[in-house]
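*Asks:* Just a sequence and a predicted model for now, questions to come.
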Amino acid sequence: MRIRAKVLGVLKGDTQADRVVPPSGFTAQLTLFAAGAMAFLAVFALALSLASGRLADRWGNELAQSATIRIAAPADQQAAQTAAALRILETTRGVAQARAFTDEEQAALLAPWFGAELDLDTLPVPRLIEVIETDEGMDAAGLRLRLAAEVPGAVLDDHSRWRAPLVKAASRLKLLGWSSIVLIAAVMAAMVTLAANAALAANAQVIGVLRLVGAMDDYIAHAFIRRFTLRALIGACVGMVLGMIAVLLMPSGGDETASFLTGLGFQGLHWILPLLIPPLAAGVAFAATRLAARRTLEGLT
């Protein structure tokens with residue numbers, strides 16, 4: 001109830017007390033600009049964090065349910081060993097689907113390195129088999145033993161060697177995004193504190209007169225808190241809207257692409273999260289101005 005009363009008090013205000021704070025000047029412009037800029041950056045930091053989380057989940061889920069078998073055998077034995085490996089996969093528990101790549105598909109995989117005119121017959125290219133696992137997964141160790149006994153040229157790669165670094169990198173990007181939001185809030189608090197201190201110092205004589213006529217420090221501080229909180233709220237709203245428009249205008253690659261840059265945005269209910277930035281900015285300004293006002297008023301006694 002006390003928090004609710006304080007919020008209502010800030011919104012309602014006091015006409016006489018508001019005259020203590022100058023309605024314009026560099027403190028107003030500094031607060032509006034700082035809140036707007038920080039909110040704009042916070043939208044992108046939030047988008048980065050959410051996109052990194054989606055990327056980590058996609059890499060973790062998709063790669064965890066897929067594996068590759070490489071058939072490195074002489075040309076005259078490659079087809080037979082590929083067929084044998086496929087027969088083993090048909091009877092392997094946890095394998096939902098398995099298929100061998102065609103020559104065209106393997107050529108497309110190697111095209112970025114060897115060019116589109118690659119002739120697979122001129123290179124000892126192993127045959128690749130794509131394995132899709134069920135939700136319960138397969139016994140990779142047991143499958144390796146069966147392949148080693150029946151298909152000597154087969155090598156199973158369950159992607160665990162390079163899946164973990166990718167997921168770890170995406171998770172760190174997610175942490176970086178949230179850390180950036182915290183840093184943005186700290187910078188905004190510092191800017192609002194500087195602006196509040198400047199406004200309080202500029203109105204030192206007015207504060208002294210108010211004290212002589214019986215005004216309490218809480219009454220004076222409330223005027224500064226309300227004005228700077230509302231300035232921060234307005235600036236953050238403008239910055240949030242501009243940030244959401246900028247994110248909305250970014251190119252999207254769709255769900256079928258794994259590109260990180262084209263997936264940097266909000267999806268579904270995540271579009272609601274940026275709406276929390278202005279209230280949080282107002283809360284930061286409220287706390288920073290309250291602290292600045294208390295310290296400055298104590299120093300003026």
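*Replies:* Sure, I can see it.

*Asks:* What about R144, how many residues nearby?
*Replies:* Using other CB atoms under 10 Å, R144 has 15 neighbouring residues. (Glycine included, C-beta is placed from N, CA and C.)

*Asks:* What are the buried residues along the strand or helix carrying it?
*Replies:* Taking DSSP states H and E as the criterion, R144 maps to helix 140-150. For helix 140-150, a neighbour-count test (16 or more other CB atoms under 10 Å) marks L143, R146, L147 as buried.

*Asks:* what sits up against it?
*Replies:* Applying CB atoms under 8 Å, 6 or more residues apart in numbering, the contact partners of helix 140-150 are A67, I69, A84, A85, I88, L89, T92, A154, V155, L156, D158.

*Asks:* can you pull the contacts of the fourth one?
*Replies:* To tie it back to what came earlier, the one meant is A85. I69, I71, I129, L147, V151, A154.

*Asks:* repeat for the last one
*Replies:* Contact analysis of D158 by CB under 8 Å, 6+ apart lists A67, A140.

*Asks:* Now do it, the pLDDT please.
*Replies:* Note for D158: predicted pLDDT of 72.

*Asks:* Pull out the CA atoms of the helix holding R144 and give them to me as PDB.
*Replies:* Below are the C-alpha coordinates for helix 140-150, written out as PDB (Å, rounded to 0.1, in the frame of the first residue of the first chain):
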ATOM      1  CA  ALA A 140      25.500 -43.800 -29.600                       C
ATOM      2  CA  ALA A 141      28.000 -46.100 -27.900                       C
ATOM      3  CA  GLY A 142      26.100 -49.200 -28.900                       C
ATOM      4  CA  LEU A 143      25.700 -48.000 -32.400                       C
ATOM      5  CA  ARG A 144      29.400 -47.400 -32.800                       C
ATOM      6  CA  LEU A 145      30.200 -50.900 -31.700                       C
ATOM      7  CA  ARG A 146      27.700 -52.400 -34.200                       C
ATOM      8  CA  LEU A 147      29.100 -50.200 -37.000                       C
ATOM      9  CA  ALA A 148      32.700 -51.100 -36.100                       C
ATOM     10  CA  ALA A 149      31.900 -54.800 -36.300                       C
ATOM     11  CA  GLU A 150      29.800 -54.800 -39.500                       C
END
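
*Asks:* other SSEs contacting the next helix or strand after that helix?
*Replies:* Using DSSP H and E, the helix or strand that follows helix 140-150 in sequence is strand 154-157. Packing partners of strand 154-157 (3 or more CB pairs under 8 Å, 6 or more residues apart in numbering; DSSP states H and E): strand 66-71, helix 140-150.

*Asks:* Now tell me what touches strand 154-157 from outside.
*Replies:* 67-72, 81, 85, 140, 143-144, 147-148.

*Asks:* With stretch 285-301 instead?
*Replies:* Counting by CB under 8 Å, 6+ apart, 10, 31, 35, 188-190, 192-193, 196-197, 200-201, 204, 207-208, 217, 220-221, 224-225, 228-229, 231-233 sit against stretch 285-301.

*Asks:* Just the buried residues out of those residues, in ChimeraX syntax.
*Replies:* Buried residues within those, by 16+ other CB under 10 Å, are selected in ChimeraX with:
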select :10,31,35,188,189,192,193,196,197,200,207,217,220,221,224,225,228,229,231,232,233
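
*Asks:* Okay, and which of the contacts of stretch 285-301 map to helices?
*Replies:* Counting by DSSP state H, the part of these found in helices is 10, 31, 35, 188-190, 192-193, 196-197, 200-201, 204, 207-208, 217, 220-221, 224-225, 228-229, 231-233.

*Asks:* All the strands of the stretch 1-150 of the chain, in order from the start?
*Replies:* For the stretch 1-150 of the chain, the strands defined by DSSP state E, counting those that start in this stretch occupy 66-71, 95-100, 127-133.

*Asks:* which residues touch the most centrally placed residue in the chain?
*Replies:* In the chain, the residue lying closest to the centroid (CA atoms, centre = their mean) is S49, at 0.9 Å. Residues in contact with S49, defined by CB under 8 Å, 6+ apart, are L173, K174, L175, L176, G177, W178, S180, I181.

*Asks:* What separation is there between the residue nearest to the second one when sequence neighbours are not counted and E105?
*Replies:* In space, and not counting its chain neighbours, K174 is closest to S52: 3.8 Å by CB to CB, 6 or more residues apart in numbering. For S52, the distance to E105 under the criterion CB to CB, to the nearest Å works out to 30 Å.

*Asks:* more crowded one of these two?
*Replies:* Under the criterion of other CB under 10 Å, the comparison of S52 against E105 puts S52 first, with 23 against 13.

*Asks:* pretty sure the more buried one is touching S171, no?
*Replies:* Yes - contact criterion CB atoms under 8 Å: S52 and S171 qualify, at 7.3 Å.
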